[in-house]
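[1] Quick one, fold the following:
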Amino acid sequence: MASVPGARWYNAVWRWHFYAGLFCMPFVLWLAATGTIYLWKPQIEAWLERPYDTLAPAGPRARADAQVKAALAAVPGATLHKYQLPQSAGEAARVIVGKDGLETRVYVDPYQLRVLRTETESERPMRVISDLHGKFRAGSPGSYLVEIAACWTATMLLTGLYLWWPRRARGLGGVLYPRLRSGKRLFWRDLHAVAGIWVAVLALLLISTGLPWAKFWGSYFKEVRAVTGTLDGPQDWPTGSRSAMPGAHAGHGGMAMPHAAAPGADLDRVAAAVYPLGIAPPVLIAPPATIGAPWTVTSDAANRPLRTSITVDGGTGALTSRRDFAERHWLDRAVGYGIAAHEGALFGLANQLLGTLTALLLATLSVSGTVMWWRRRPEGLLGAPARLSRPRYGPVLIGAVLLLALAMPLFGATLSLVAVADRLMLPHCSGVRRWLGLAPIRA
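    Residues are numbered from 1 along each chain as shown. The predicted structure follows:
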C-alpha cells in the first residue's frame, strides 16, 4: 500500500482512467468515425443529390400546388407535411409527405411534373449516419448508451489530464509532441499523452454540445429550464428517440402534428410571400393543423444562428409573425451555437476541418491507449495499472466527481452502481479482484 500523502487518490484516478478507457474506446472510435462522416454532410448530400439539382428547364415552372399533387399521387393516401422552397431554376421540387407515421421525400420535376425519386426520410443516407452516431439505430436505449459513453469519455479525458498534466517536465517532448527516438514504449506513452492534451478541450466541447440531443440529458435539461422559468417556446432541437437530423422538427417543433388538406392557392401565395425575404435555405413550408390557421415557414439551415421562423396567412400571403434566432432565449442561442459547431456548420470549412481533427485525435487517443494496455497487460489478466505512490490532491478529485455527477446524471447513476458493486461485491470475489488489478498478484 502506498504511503506517500495523496498516493491513494492518484492510484484511484489512474485505475478509474484505465477502466473508463477500456469501456469508452470502442464507443469513441465509433462516434469519431460516424461523426466525421456527418461533418461533411453538405458535400456528401450535394454529391448524392446532384442529379436532382441540375435539371434542364423545359418550359414554365409548374405551380407549387401542382408539384405537391404530383408528389401525393406517388404516395396514395399521404398528406403534405412540408414543401421545400426551390433555390434555383434547375432544382427539383422536394415534397415531404406523410402516411401511417412515416415521412417520404418525393423529388418532382417542376417542369414536367414527373416523379424522379421517392425516399423514406428515416432511410436517407445522412439520416442513417446521424441515427447510427446518436443512437446506434436503437431508439431510446441506444441514446442512453451513447450518453453514458459520452459521460465516461469526459471522465476519461479529465482524469487523463489529472494524471498526465506536466509538472516537472524538461522540455516540450512528451508534452506537446511525442519523442520519436526513445523506444516504442515511450513513443506510445507520449502519443497517448500528447493526443490527450491537444484534444481534451475540443473533445469536452464536442461532448457538451452533443448532450442536448441525448434522451436523458436533454429531458433533464428541459426539466431544469421548466423549473427555472427559462423555457421559451418549443426548443429548436429534438431529444429522445426522434431523429436529431435537421429537418425533423421543422414546422411543428418536432411533434407529429396533424396537417390539414392544403388549399392549392394557399401554398403558392405563401411561397410567393417567402421568396423575397431571403431566408437561409433550406426553407420548409408546412401547412397548418387546421384549415384557416397560418402556414409555418422555417429555415432549416445547418448553421442555426441563421435560422428564422415565420407564419404566413395562406389566404392573403401576409406575414403574421416572425422570430429570428437573435430573439430566442440566450440558453436556446447558446445551444444553437453549440449544435452548429458540433455539426461543423458554424464557421464553414474551418469548422469541418477542426471537427475532423478532433475526431482523428480521439481515435489516436483510443488506439494508443489500447496498444499501451495490450503491450503491458499480464497474460490472462485485465492488467490494471500497478499501484504507485506519486502524490495528488484528494479534494480536487472529490469536487470534480461531484460536479460531473450533478452535471451529467447518468454518469452519477452509473458511477454509484459501480461504487456499490466495488464496495459490496468485489471484496467477496478475490478472483475478479485479481483479474481487474484491484488486488496484488501473488507468485
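[2] helix or strand for V97, which one?
    strand 93-99 (DSSP states H and E).
[3] wait, S219
    helix 215-228.
[4] what's the following helix or strand after that helix?
    Criterion used, DSSP H and E; the element after helix 215-228 is helix 264-274.
[5] could you say what helices and strands that following helix packs with?
    helix 64-74, strand 283-286, strand 295-299, strand 308-312 (3 or more CB pairs under 8 Å, 6 or more residues apart in numbering; DSSP states H and E). Placement of C-beta: from N, CA and C, glycine included.
[6] buried sites along it?
    For helix 264-274, burial by neighbour count (16 or more other CB atoms under 10 Å) applies to 266-271, 273-274.
[7] Other residues contacting it?
    63-65, 68-69, 83, 85, 283, 285, 287, 295, 297, 310, 312, 314-319 (CB atoms under 8 Å, 6 or more residues apart in numbering).
[8] quick one: Q112 and A56 touch, right?
    No - using CB atoms under 8 Å, Q112 makes no contact with A56, being 10.6 Å away.
[9] For these two, indicate the residue with more neighbours.
    Q112 (12 against 8; other CB atoms under 10 Å).
[10] and the more buried one, that's in a strand?
    No - using DSSP: H, G, I helix; E, B strand; the rest coil, the assignment for Q112 is coil, not a strand.
[11] give the contact list for it.
    A58.
[12] Y162 sits in which helix or strand?
    Using DSSP H and E, Y162 falls in helix 139-164.
[13] Figure out how far that helix is from the centre of its chain.
    Relative to the chain's own centre, helix 139-164 is displaced by 14 Å; criterion: CA atoms, centre = their mean, to the nearest Å.
[14] what about the stretch 51-200 of the chain, any weak spots by pLDDT?
    165-185 (pLDDT under 70).
[15] make it 90
    Across the stretch 51-200 of the chain, the ranges flagged by pLDDT under 90 are 57-59, 139-140, 151, 154-200.
[16] about what we covered before: which other helices and strands does the helix holding Y162 contact?
    helix 7-39, helix 125-135, helix 184-210, helix 215-228, helix 394-407, helix 409-424.
[17] what angle do the last one and helix 139-164 make?
    Translated: helix 409-424. 70 degrees (axes from the mean of the first three to the mean of the last three CA atoms, to 10 degrees).
[18] which helices and strands sit right next to helix 409-424?
    helix 139-164, helix 215-228, helix 394-407.
[19] so which of those helices gets nearest F27?
    Within the helices and strands packed on helix 409-424, the stretch nearest F27 is helix 139-164; the backing value is 3.7 Å (CB to CB).
[20] re the thing from before, would you turn the helices and strands packed on helix 264-274 into JSON lines with distance to L417 and mean neighbour count?
    Listed next are these as JSON lines, based on distance: least, CB to CB, whole Å; neighbours: other CB atoms under 10 Å:
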{"stretch": "helix 64-74", "distance to L417": "50", "mean neighbour count": "20"}
{"stretch": "strand 283-286", "distance to L417": "43", "mean neighbour count": "24"}
{"stretch": "strand 295-299", "distance to L417": "42", "mean neighbour count": "24"}
{"stretch": "strand 308-312", "distance to L417": "42", "mean neighbour count": "22"}
